[in-house]
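Trainee: need a structure here:
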Amino acid sequence: MQRALAAARRYQWVILAVLAVVWGAGLASAYVVYKTTYETQATIWVLRPSPELTASDPNDPGIPVIQTLASQQAELLSQLLKTDSFMRDVVEATSLKPALDAASDPERLLDTVRRRFKVETLGTNMVRVSYAANDPKTPVELVNTALIVRTQRIIAARVLSDASVGTIYQKEFETAQSQMAAAQKDLTDFTDAHPGTLSSENASHQGQLQLAVDFAQARLSELRGRADRAAVSAAVLEMSGLEFQVVDQPREPTKPTGGDKPAMLQAAVAMFAGLLLAAMLVIAGALLADHVAGPADVGRLAPTKLFATVPRVASSRAEQRDLRASLAAIAFDEVDPGGVAS
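Mentor: Got it, this is the predicted structure:
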């Protein structure tokens, strides 16, 4: 500990210079971040749809699965922001398109824009989307564009899903109609071939044919109802703002906002780095002191034979820290009768 304190006193001006440079640069950078960061945010209310639209049936592909919780909507938007195609669509629809076209590394630019987005949940039905930039206009533009592109992507996915479901229902309906026509033809042919009173065996067979016709009709009615529900669900989901309403629209900030946390983090990192460098200098100075300046006094020398006796050697504090100065005083300075070196 004493060696560390001695090293700190020895290199105090170097340590102060290092702290001044590191802390000064860090605090200046944190101040610039704080004064040049503009953040805007949009608060979104996720509605709970009707239970009829959220009922699930594994045998009915026409009933959609709707994401209603805020956490699910936030996760969906976060996943879209991680894709390059989504980010490219967002950037190309904003004033950043010229910068993207002129960039030598477009992926790096997209990644920079992606990192400035932040999606968080405020509860079970609230989502907040924010963006920070160095000017007040870009955040509003990017947040609005991201929400618009998200809506376009979801509508396109639903249209494709509706088309697939419609194709499935069309094939099943055609198959059911063929079965219905075949069952009706069998019943008509049997009735025409057996006029009058039927025997018990023929009556039983006719009943089976009639049951097949009734079953085919019920199947057609069921498929028609499923197709109608799928069409109604798709139409309801495409209504504007049914499940995703922007409560607080993003606004252009009039003063720097959103840069307090990054500035505090940057300042804390600079303070820690300065202290770490100072500690390394003290440790290095304590470990290398013996190799550079020599031991502090004669008593720390390795054991050796007595070669002279000096009653008392008075020297300054600087000489006490330097063995070579002490030995020079012993070798060349005169000693008075009282034992005090001149």
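Trainee: quick one, strands of the stretch 1-150 of the chain?
Mentor: 38-45, 117-121, 126-133 (DSSP state E, counting those that start in this stretch).
Trainee: angle of the shortest one against strand 38-45?
Mentor: Strand 117-121 runs at 40 degrees relative to strand 38-45, counting by axes from the mean of the first three to the mean of the last three C-alpha atoms, to 10 degrees.
Trainee: show the contacting residues for the residue lying closest to residue 260 once chain neighbours are set aside.
Mentor: In this structure, residue 260 finds its nearest non-sequential neighbour in residue 34, 6.3 Å apart by C-beta to C-beta, 6 or more residues apart in numbering. Backbone N, C-alpha and C define where each C-beta goes, glycine included. By C-beta atoms under 8 Å, 6 or more residues apart in numbering, the contact list for residue 34 reads 256, 259-260, 262-263.
Trainee: what is the nearest of the residues you listed to residue 217?
Mentor: When the contacts of residue 34 are compared for distance to residue 217 (C-beta to C-beta), residue 262 wins out at 68.3 Å.
Trainee: what sits against that closest one?
Mentor: Residue 262 touches 30, 33-34, 37, counting by C-beta under 8 Å, 6+ apart.
Trainee: let me know the pLDDT of it.
Mentor: Looking at residue 262, its pLDDT reads 76.
Trainee: how near is it to residue 170?
Mentor: Distance, residue 262 to residue 170, using C-beta to C-beta, to the nearest Å: 56 Å.
Trainee: same thing with residue 38?
Mentor: Taken as C-beta to C-beta, the span from residue 38 to residue 170 is 53 Å.
Trainee: which regions of the stretch 51-200 of the chain lie under the pLDDT threshold?
Mentor: Low-confidence segments of the stretch 51-200 of the chain (pLDDT under 70): 51-69, 161-166.
Trainee: next one: the residue nearest to residue 260 from residue 216, what distance?
Mentor: Distance, residue 34 to residue 216, by C-beta to C-beta: 74 Å.
Trainee: and for residue 103?
Mentor: In terms of C-beta to C-beta, residue 103 sits 63 Å off from residue 216.
Trainee: who's more crowded, these two?
Mentor: residue 216 (19 against 15; other C-beta atoms under 10 Å).
Trainee: can you give the domain ranges for this protein?
Mentor: The chain is divided into the following domains under automatic domain parsing: 1-37+259-292, 38-258, 296-342.
Trainee: among the contacts of residue 262, which lie within helices?
Mentor: 30, 33-34 (DSSP state H).
Trainee: among the residues you listed, which one sits closest to residue 133?
Mentor: Set against residue 133, the nearest of the ones in helices among the contacts of residue 262 by C-beta to C-beta is residue 33 (12.1 Å).
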